[in-house]
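Undergrad: This is the structure alone, sequence omitted:
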């Protein structure tokens with residue numbers, strides 16, 4: 001943690017604000033996300049297929065939003081997109097409190113997703129603006145640590161609120177926290193969009209990034225990663241509650257443990273792997289996370305499920321240590337928002353299909369445990385794409401020891 005604080009002390013102001021803001025924002029998400037599927041199941045009494053539709057609708061709404069967020073970040077600037085997204089998320093989060101039907105929930109979820117997914121392409125582009133290429137893996141890892149500090153506190157506070165009051169009150173607290181993050185970004189952050197990034201952005205130009213074949217392949221592989229990893233948010237809470245007897249508060253603690261692991265080990269892992277070939281790092285993380293999901297098949301109660309979560313989180317930590325940095329390095333400076341938006345689109349698509357497929361599979365399987373072997377197997381088989389990525393990507397992107405481009409200056 002001392003190394004994180006030292007990195008922040010030397011970092012540009014925009015990055016410092018993003019890191020602190022990420023902590024605040026993810027307290028809000030940590031309050032809600034562990035309990036969202038259970039809120040639909042136990043509070044609104046929705047059937048599993050309807051839960052799958054809501055989660056899929058949430059994801060589908062986010063798909064165009066990632067592209068639009070990237071386009072707007074490159075056209076009008078990073079800051080206005082960040083601030084607008086946070087302000088609107090505060091409003092949509094509050095609307096969940098008033099939901100009393102499937103139809104109303106679906107509308108709110110779609111609106112919440114659309115405004116929420118505007119945020120990440122702009123935030124990732126801003127980090128790439130102010131952090132030079134060699135330092136980006138550590139920068140993105142530091143941001144993940146901040147996210148997960150928020151996620152540690154969120155589920156714990158959420159568990160207290162659920163036990164003392166109700167799940168609905170979580171949305172009110174989440175709305176207030178997001179409003180605080182919006183004010184913080186409005187007051188403290190400054191625009192970082194490069195002056196040469198002012199070309200007219202069109203949807204055709206956005207789709208043209210698909211001609212970057214290494215980038216397209218990487219986006220597809222990360223989509224598969226999120227296809228099975230999305231079960232963390234959709235199928236796993238329902239399965240843990242219904243099949244293993246893990247109650248809402250205990251499941252929130254699983255989120256907190258996963259986040260605590262990320263805080264403790266993300267920067268250490270990143271510092272250890274940055275000199276290895278990046279395709280091998282991604283392959284390792286992908287396979288370990290797949291193994292963790294497959295092991296849920298053998299879980300019988302809270303502690304064996306916790307062991308599976310530890311394995312899943314280790315895979316996630318390794319995978320996420322370099323993936324955002326690779327995308328940033330592949331993107332030209334004037335198209336960082338577009339690249340981040342397009343990759344977000346493909347990843348979101350993978351996660352959405354995974355949520356819909358997972359809830360459907362859980363509903364139809366006589367033995368629910370086999371859903372985890374299915375997702376573990378899909379993850380393992382898809383890992384064959386990483387050696388292909390290694391063969392077609394630029395040498396300086398695949399191997400950090402090779403630098404065929406000049407180091408970019410750090411902006412304040």
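TA: Great, that's in hand. Not measured: the values here are computed from a predicted model.

Undergrad: so is residue 245 in a helix, a strand, or just coil?
TA: coil (DSSP: H, G, I helix; E, B strand; the rest coil).

Undergrad: neighbours around it, how many?
TA: Neighbourhood size, residue 245 [other C-beta atoms under 10 Å]: 11. Every residue, glycine included, has its C-beta placed from N, CA and C.

Undergrad: again with residue 164
TA: The tally of other residues near residue 164 (other C-beta under 10 Å) stands at 8.

Undergrad: ok, now which ones touch it?
TA: Shown in contact with residue 164 (C-beta atoms under 8 Å, 6 or more residues apart in numbering): no residues.

Undergrad: quick one: pLDDT of it?
TA: Residue 164 carries a pLDDT value of 77.

Undergrad: Same check on the one 5 residues further on?
TA: Taken from the predicted model, the pLDDT recorded for residue 169 is 89.

Undergrad: so where is the stretch 251-400 of the chain shaky, pLDDT-wise?
TA: Counting by pLDDT under 70, the stretch 251-400 of the chain shows no low-confidence range.

Undergrad: gap between the closest residue to residue 176 other than its chain neighbours and residue 350?
TA: Once flanking residues are discounted, residue 176 sits nearest to residue 90: 7.7 Å by C-beta to C-beta, 6 or more residues apart in numbering. Distance, residue 90 to residue 350, by C-beta to C-beta, to the nearest Å: 28 Å.

Undergrad: With residue 145 instead?
TA: According to C-beta to C-beta, residue 145 stands 24 Å off from residue 350.

Undergrad: Kindly report the same for residue 212.
TA: 18 Å.

Undergrad: between the two, who's got more neighbours?
TA: Neighbour comparison, residue 212 and residue 350: the larger count goes to residue 350, with 23 against 18 (by other C-beta under 10 Å).

Undergrad: The closest residue to the more buried one other than its chain neighbours: what's it in contact with?
TA: Spatial nearest neighbour of residue 350, excluding adjacent residues (C-beta to C-beta, 6+ apart): residue 223 at 3.0 Å. Contacts were defined as C-beta under 8 Å, 6+ apart; by that measure residue 223 touches 346, 347, 349, 350, 351.

Undergrad: what about the second one, helix or strand, and which?
TA: Residue 347 is part of helix 336-364 when elements are defined by DSSP states H and E.

Undergrad: Can you spell out which helices and strands pack onto that helix?
TA: helix 48-75, helix 119-130, helix 203-208, helix 213-229, helix 235-243, helix 323-330, helix 370-382 (3 or more C-beta pairs under 8 Å, 6 or more residues apart in numbering; DSSP states H and E).

Undergrad: same thing but at 7 Å, please
TA: Here helix 336-364 touches helix 48-75, helix 119-130, helix 213-229, helix 235-243, helix 323-330, helix 370-382, going by 3 or more C-beta pairs under 7 Å, 6 or more residues apart in numbering; DSSP states H and E.

Undergrad: so which of those is the most packed in?
TA: For those, the largest average neighbour count (mean count of other C-beta atoms under 10 Å) is found in helix 119-130, namely a mean of 28.

Undergrad: Can you add distance to residue 19 and give the contacts of residue 223 back as JSON lines?
TA: Shown next, in JSON lines, are the contacts of residue 223 (distance: C-beta to C-beta, whole Å):
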{"residue": "346", "distance to residue 19": "26"}
{"residue": "347", "distance to residue 19": "22"}
{"residue": "349", "distance to residue 19": "28"}
{"residue": "350", "distance to residue 19": "27"}
{"residue": "351", "distance to residue 19": "24"}
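
Undergrad: which one of these sits closest to residue 47?
TA: When these are compared for distance to residue 47 (C-beta to C-beta), residue 351 wins out at 21.4 Å.

Undergrad: ok, now how distant is that closest one from residue 14?
TA: Counting by C-beta to C-beta - residue 351 and residue 14 are separated by 28 Å.

Undergrad: In terms of neighbours, single out the busier of these two.
TA: Remark: of residue 351 and residue 14, residue 351 carries more neighbours, 28 against 23, as counted by other C-beta under 10 Å.

Undergrad: How about the backbone phi and psi for the nearest residue to residue 287 once chain neighbours are set aside?
TA: Closest residue to residue 287 apart from its sequence neighbours, by C-beta to C-beta, 6+ apart: residue 383 at 5.4 Å. The phi/psi pair for residue 383 (degrees, to the nearest 10) reads phi -70, psi -10.

Undergrad: again with residue 81
TA: Dihedral angles of residue 81 (phi, psi; degrees, to the nearest 10) stand at phi -70, psi -40.

Undergrad: wait, doesn't it sit right on residue 72?
TA: Yes: Residue 81 lies in contact with residue 72 (C-beta atoms under 7 Å); the separation is 5.0 Å.
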